[in-house]
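Visitor: Let's see this in three dimensions:
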Amino acid sequence: MNWREVRDATNVRYLLSTARTLGCSVQACLQGSGLDEAMLGAGGRVRVQRWQELAVIRNLVAQHPEPGLGIRVGGCYQLTSLGILGYTMLACRNLHEALLVSTQFRELTLSICPVQVLPFDGGVRMSLDHSVLPPDAQDMVAERGLAVWKRIFGELLQRPFVPLRVELVLSRPAAIELYEDYFECPVVRGAASNAVLIGDADLVSELPLANALTRNACAALCRQLCEGLEDVVSPLARQVLQVLISHSGEPPTAVAVAATLGISERSLHRRLAAEGQPFRQLDERVRGRLAERLLGDSDLGLDAIAAQLGYSEAASFSRAFKRWTGLAPSRWRTAQREGASSFGAPAIINTLSPGD
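Guide: Numbering: from 1, shown residues only. Purely as a prediction, here's the structure:
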């Protein structure tokens, strides 16, 4: 387990939100993590290391050691918590395909411990291995993981998701009624591992928002995030692009990117200028690339696309897009589709990188 792996701070923010709800001290939760409340509350997304999240988990458990804490934390999550990976899963044909996508881009999931998906007669068994964690963190993390899966799968299906069964191996479990009420299915305590059993009927159920073009476009962005952008060779610009792509739903400021990379904002601008890659140019490249893919490969409205790109309103996005391309978004989309129909094939977005 690489405890220095850099990851999104979403988990930490939900932990602190739960702490506030419970009346726990946020400062005590952050003790020893190297994080501070002001940084986590700043605009844009913050990146943290895995050990820092674990420190916050252990501190919260120490303040509120009641069984069932992970169920409360897991209730904070939505599909959008996964960023571009969530959009990719939402556009998949069925839940089975969405699970495959999540395993393909494991680096983009929010899980702090290993996840395994194995078939059984009647469905798949999705389990998490909490043995890699210190004992005081295991129960909360296991509860949180299973609770998050129930919420996210329900959003994907656009209806309540009810597992075939939930299996728990916890040192201090809550009353079984808590788990049965939340998961709405049989719950087995003292099992071999913590798992959700998903039935074939749910696995093959068509997702209401399935869209192959959107799935492929978003998956390409996930792949670029995991593998890096091959056409960018200057080292700092490459790192900046990876941070920007990973937070495309809430683009971070230069200050936030600099903090993520462990340098000052001034050094960030100076070094990018020396590489011939100004920050604004990189930021607009990422936004423009995602905008063109969402306009060309999906039927999302301008409001939804603007929100995905971090704009507060469609008008602001439209002005920026016209500055980048010379066309309003609606005209650009129309031109793409008219051009595609004239050739009898889908439009090829001109920002695709080699290998997409």
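Visitor: rest of the way, CA atoms for contacts and neighbours
Guide: Will do.
Visitor: I figured Val286 hits Ile245, correct?
Guide: Yes: in this structure, Val286 is within contact of Ile245 by CA atoms under 8 Å, at 6.3 Å.
Visitor: got the CA coordinates for stretch 306-313 in CSV?
Guide: Taking C-alpha atoms only, stretch 306-313 is exported to CSV below (Å, rounded to 0.1, in the frame of the first residue of the first chain):
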residue,chain,number,x,y,z
ALA,A,306,-20.9,24.7,-18.0
ALA,A,307,-21.3,23.2,-14.5
GLN,A,308,-19.0,20.3,-15.4
LEU,A,309,-16.3,22.8,-16.5
GLY,A,310,-16.7,24.9,-13.3
TYR,A,311,-18.7,27.8,-14.7
SER,A,312,-21.5,29.3,-12.6
GLU,A,313,-23.7,29.9,-15.6
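Visitor: Report the buried residues of that stretch.
Guide: Ala306, Ala307, Gln308, Leu309, Gly310, Tyr311 (16 or more other CA atoms under 10 Å).
Visitor: Of those residues, which is the nearest to Ser264?
Guide: Ser264 has its nearest neighbour among the buried residues of stretch 306-313 in Gly310, at 23.4 Å by CA to CA.
Visitor: three-state assignment of the closest one?
Guide: For Gly310, the secondary-structure state derived from DSSP: H, G, I helix; E, B strand; the rest coil is coil.
Visitor: measure it to His269 for me?
Guide: 22 Å (CA to CA, to the nearest Å).
Visitor: again, but for Asp299
Guide: For Asp299 relative to His269 (CA to CA), the value is 37 Å.
Visitor: of the two, who's got more company?
Guide: More neighbours surround His269 than the other of Asp299 and His269, with 18 against 14 (other CA atoms under 10 Å).
Visitor: residue contacts, the more buried one?
Guide: Pro278, Phe279 (CA atoms under 8 Å, 6 or more residues apart in numbering).
Visitor: would it count as being in a helix?
Guide: Yes: according to three-state DSSP, His269 belongs to a helix.
Visitor: Next, count neighbours for Gly41.
Guide: Look at Gly41: counted by other CA under 10 Å, it has 11 neighbours.
Visitor: Next, the buried residues of stretch 80-96.
Guide: Across stretch 80-96, burial judged by 16+ other CA under 10 Å covers 81-96.
Visitor: Sitting in helices, which of the residues you listed do you find?
Guide: Ile84, Leu85, Gly86, Tyr87, Thr88, Met89, Leu90, Leu95, His96 (DSSP state H).
Visitor: I'd like the residues you listed as CSV, with distance to Trp51 and pLDDT appended.
Guide: Output for these, formatted as CSV (distance: CA to CA, whole Å; pLDDT from 0 to 100):
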residue, distance to Trp51, pLDDT
Ile84, 24, 84
Leu85, 23, 89
Gly86, 24, 91
Tyr87, 27, 89
Thr88, 28, 91
Met89, 27, 94
Leu90, 30, 93
Leu95, 31, 96
His96, 31, 94
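Visitor: Could you single out the nearest of those residues to Cys113?
Guide: Of these, the one sitting nearest to Cys113 (CA to CA) turns out to be Leu85, at 18.0 Å.
Visitor: list the contacts for that closest one?
Guide: By CA under 8 Å, 6+ apart, Leu85 lies in contact with Ser102, Phe105, Leu108, Thr109, Cys218, Ala219, Cys222.
Visitor: how about the nearest residue to the residue positioned nearest the centre of the chain, chain neighbours excluded?
Guide: Taking CA atoms, centre = their mean as the criterion, Leu82 is the residue nearest the geometric centre of the chain, at 1.8 Å. Leaving out its chain neighbours, the residue that sits closest to Leu82 by CA to CA, 6 or more residues apart in numbering is Thr109, at 6.5 Å.
Visitor: Any figure for the gap between the one you found and Pro186?
Guide: With CA to CA as the criterion, Thr109 and Pro186 are 27 Å apart.
Visitor: Tell me how far Gly326 lies from Arg238.
Guide: On the measure of CA to CA, Gly326 and Arg238 end up 27 Å apart.
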